[in-house]
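Asks: Fold the following.
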Amino acid sequence: MIIQALVALAGIVLIARTVLSAVRTFVVPRGVDDRLTRMAFHVIRKGFTLAAPPSRPYAARDRVMAYYGPIALMLLPAWWLVLLLVGFAAVYWALGLPVADALEVSGSSLLTLGFFRPAVQGGDFIAFVEAAMGLALVALLISYLPTIYGAFSRRELLVSMLEVRADSPPSPVVMLTRMHRLHGLDALHPMWERWEQWFAEVEESHSSLPVLVYYRSQQPSQSWVNAAGAIMDAAALARSAVAIPMDVQADLVIRSGYLALRRICDYFRIPYDPGPTPADATSIDRARFDDAFDVLAEAGVPMVAD
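Replies: Down below sits the predicted model:
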């Protein structure tokens, strides 16, 4: 009797934990790190890494990894359904059903097949609850697919437009020279405004719906991460080296950019220095900065004297 009670309690805890995982992943409007969801994505990622190891050419690896985000998203409800099946099967077993029958009844109820009826006291009520949870999980995924793909489309719009101004992969030097030649550097201000809004939207969507991080751009040479870096580099070059009136909007786009990327890094536990100083080394050394300065000057971009 004690063993049955403990098994039933373990099943109820597993059911509750699975429902909490679904709520954290899709319903709570903030980036809540859930271990069950992380475990599913981690296991699926290992399979994709085996299919497309880093030793393969980038183009071939990109073609495979482009399926990682969508497939992981589709398999996530299946993972939750398996956990619910085991949890409810534990409850049925504790009520008196053999293990094989408990699994069959749980699967029949969860998938609303109805070819098994639990012949135990209270079994019909538990079957109704299990069927409702199974339908709710599938409906939850279906209802959030338009939200996910809408956020993906908004993110990729500016990423694709950046190729027109900055080539692909994007280059901040190319962007500044092309903007100077085609529109004039006064056109940078509205662009900084659009990208500040883009960073705010990416921070909100990619921390509340982190699966979007794994959705790759349509072209192998495009990436929302590269686009973010190119825009912040271009704003930094414009503020430090280009002889134009001071534009606070460039500072704002830099700040909105690193705040957005930090929040996403916090969710994925990617380390970074929270308090860098001007003396800290960066990936852009003085020689690379001087090279960019010279290219801009040769293209006719007005540069500061010092």
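Asks: Now residue 53. Nearest residue, chain neighbours left out?
Replies: In this structure, residue 53 finds its nearest non-sequential neighbour in residue 61, 7.7 Å apart by Cβ to Cβ, 6 or more residues apart in numbering. Glycine gets a C-beta too; all of them are placed from N, C-alpha and C.
Asks: The one you found contacts residue 49, correct?
Replies: No. Residue 61 is beyond contact range of residue 49, at 9.5 Å (criterion: Cβ atoms under 8 Å).
Asks: quick one on the thing from earlier: average pLDDT for the host helix or strand of the residue nearest to residue 53, rounded please.
Replies: Using DSSP states H and E, residue 61 maps to helix 58-65. Taken as a whole, helix 58-65 has a mean pLDDT of 90.
Asks: buried sites along that helix?
Replies: For helix 58-65, the buried set under the neighbour-count rule, 16 or more other Cβ atoms under 10 Å, comprises 61-62, 65.
Asks: Same question for stretch 202-222.
Replies: Of all the residues in stretch 202-222, those buried under the rule 16+ other Cβ under 10 Å are 202-217, 220, 222.
Asks: which regions of the stretch 201-306 of the chain sit below the pLDDT cut-off?
Replies: Within the stretch 201-306 of the chain, no range satisfies pLDDT under 70.
Asks: which residue packs closest to residue 232, ignoring adjacent ones?
Replies: Going by Cβ to Cβ, 6+ apart, residue 232 has residue 257 as its nearest residue, at 4.5 Å.
Asks: quick revisit: between the buried residues of helix 58-65, which is closest to residue 141?
Replies: residue 65 (21.6 Å; Cβ to Cβ).
Asks: Number of residues surrounding residue 106?
Replies: Number of residues near residue 106 (other Cβ atoms under 10 Å) recorded here: 27.
Asks: residues contacting it?
Replies: Going by Cβ atoms under 8 Å, 6 or more residues apart in numbering, residue 106 touches 85-86, 88-89, 92, 130.
Asks: Looking at those residues, which are in helices?
Replies: Members of the contacts of residue 106 lying in helices (criterion: DSSP state H): 85-86, 88-89, 92, 130.
Asks: From what I see, the residue nearest to residue 232 and residue 198 are in contact.
Replies: No. Assessed by Cβ under 8 Å, residue 257 is found out of contact with residue 198, at 9.1 Å.
Asks: Quickly find the element holding residue 128.
Replies: Take DSSP H and E as the rule and residue 128 turns out to sit in helix 123-166.
Asks: Against which helices or strands is that helix packed?
Replies: Packed against helix 123-166 by the contact rule (3 or more Cβ pairs under 8 Å, 6 or more residues apart in numbering; DSSP states H and E) you find helix 2-22, helix 68-95, helix 99-110, helix 172-182, helix 188-208, helix 224-240.
Asks: got the angle for that helix vs helix 99-110?
Replies: 60 degrees (axes from the mean of the first three to the mean of the last three Cα atoms, to 10 degrees).
Asks: Using PDB, list the CA coordinates for stretch 189-208.
Replies: Extracted as PDB, the C-alpha positions of stretch 189-208 are listed here (Å, rounded to 0.1, in the frame of the first residue of the first chain):
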ATOM      1  CA  HIS A 189      19.600  58.700 -37.800                       C
ATOM      2  CA  PRO A 190      16.400  57.000 -38.800                       C
ATOM      3  CA  MET A 191      18.300  53.800 -39.400                       C
ATOM      4  CA  TRP A 192      19.600  53.900 -35.800                       C
ATOM      5  CA  GLU A 193      16.000  54.400 -34.600                       C
ATOM      6  CA  ARG A 194      14.700  51.400 -36.500                       C
ATOM      7  CA  TRP A 195      17.500  49.200 -35.200                       C
ATOM      8  CA  GLU A 196      16.900  50.300 -31.600                       C
ATOM      9  CA  GLN A 197      13.300  49.100 -32.000                       C
ATOM     10  CA  TRP A 198      14.600  45.900 -33.600                       C
ATOM     11  CA  PHE A 199      16.900  45.200 -30.600                       C
ATOM     12  CA  ALA A 200      14.000  45.700 -28.200                       C
ATOM     13  CA  GLU A 201      11.800  43.300 -30.100                       C
ATOM     14  CA  VAL A 202      14.500  40.700 -30.400                       C
ATOM     15  CA  GLU A 203      15.200  40.900 -26.600                       C
ATOM     16  CA  GLU A 204      11.500  40.400 -25.800                       C
ATOM     17  CA  SER A 205      10.800  37.600 -28.300                       C
ATOM     18  CA  HIS A 206      14.100  35.700 -28.000                       C
ATOM     19  CA  SER A 207      14.000  35.600 -24.200                       C
ATOM     20  CA  SER A 208      10.200  34.800 -23.900                       C
END
